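>>> Provide a 3D model corresponding to the input given below.
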Amino acid sequence: MLQVRPSEERGHNKLSWLDTRFTFSFDQYYDPEHVQFRSLRVLNEDVVAPSQGFGLHPHRDMEILTWVLDGEIKHRDSTGGEGVVRPGELQHMSAGTGVMHSEFNPSPKNPVHLLQIWLTPERKGLKPMYEQLAFSDKELRGDFYHVAGPKAAVTIRQDADLYVARLDTGDSAVRPIAEGRHAWVQVARGKVRVNGVELKQGDGAAISKDSEVRVEAIDRSEVLLFDLA
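Now for the predicted structure:
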């Protein structure tokens, strides 16, 4: 069973420096039909203007991932974690018992386009942590590559796994879904068919009671797949 969350139906907020699309309820955007999917609580698509960003602010008890599509974002937090995240690099911050952090576009002329992802943790009160890891285009190209999860290179402290696939036109990628588990597919760029249903950039889809996720690229595409308990 596949339920599509069309890009144009997402929440939207535009400021002078930030343009955001909300897949799920976030901040002042609330939709009781789209609060979260399983442990996937936030999936925001942000475009941050040059030399702008999110000032120092707190989070707690959330697993936060950042996936950059274009440009770069500079991170700093109260655990001492810092880094500049670029396309192909995954940033993970486990807010745990509480952390302060900022995210800033260091470019004076180019916007940064990114996906901000939050998952609820396996339990509250975990020790905060920060990690960042780069994946090569070769690793991501042509099939789903396991980038984050309890036993992945980037460690999510939740029973959830994230896969990324960069697909050329005509490519296909298949990922089995175990009985009792669920999947969320997010089209970061391009156009694909997911289990026979056409999705475009910005569209998402919740998948339950299917044994696999099959993605076929209609155009050159980049797709995120969440395998969730």
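>>> Got the domain ranges for this protein?
Using automatic domain parsing, the domain parsing of the chain gives 10-134, 137-228.
>>> and Met1, which of these is closest to it?
domain 137-228 (5.0 Å; Cβ to Cβ). From N, CA and C alone the C-beta is placed, and that goes for glycine too.
>>> Can you check the distance spanned by the closest one, start to finish?
Counting by Cα to Cα, to the nearest Å, you get 25 Å between the two ends of domain 137-228.
>>> Then stretch 131-140?
19 Å.
>>> chain center to that stretch, what's the gap?
Mean-position distance between stretch 131-140 and its chain equals 14 Å (Cα atoms, centre = their mean, to the nearest Å).
>>> I'd like the average pLDDT over that stretch.
For stretch 131-140, mean pLDDT rounds to 97.
>>> Give the buried residues for that stretch.
The neighbour-count check on stretch 131-140 (16 or more other Cβ atoms under 10 Å) flags Gln132, Phe135, Leu140 as buried.
>>> mind listing what Ala153 touches?
Residues counted as contacts of Ala153 (Cβ atoms under 8 Å, 6 or more residues apart in numbering) are Leu133, His146, Val147.
>>> what does Ala173 give?
Counted by Cβ under 8 Å, 6+ apart, Ala173 has contacts Gly142, Asp143, Phe144, Ala165, Leu167, Arg214, Val215, Val223.
>>> one step back: so which of the domains of the chain gets nearest Val4?
domain 137-228 (5.1 Å).
>>> Can you lay out the domains of the chain as CSV showing distance to Val4?
Shown next, in CSV, are those (distance: least, Cβ to Cβ, whole Å):
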stretch, distance to Val4
domain 10-134, 12
domain 137-228, 5
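>>> out of the ones you listed, nearest to Gln3?
Among the domains of the chain, domain 137-228 sits nearest to Gln3 (Cβ to Cβ), with 4.7 Å.
>>> quick one: the closest one to chain centroid distance?
Worked out by Cα atoms, centre = their mean, domain 137-228 lies 11 Å from the chain centre.
>>> Look at Gly180 and say how many residues are nearby.
Residues near Gly180, counting by other Cβ atoms under 10 Å, number 8.
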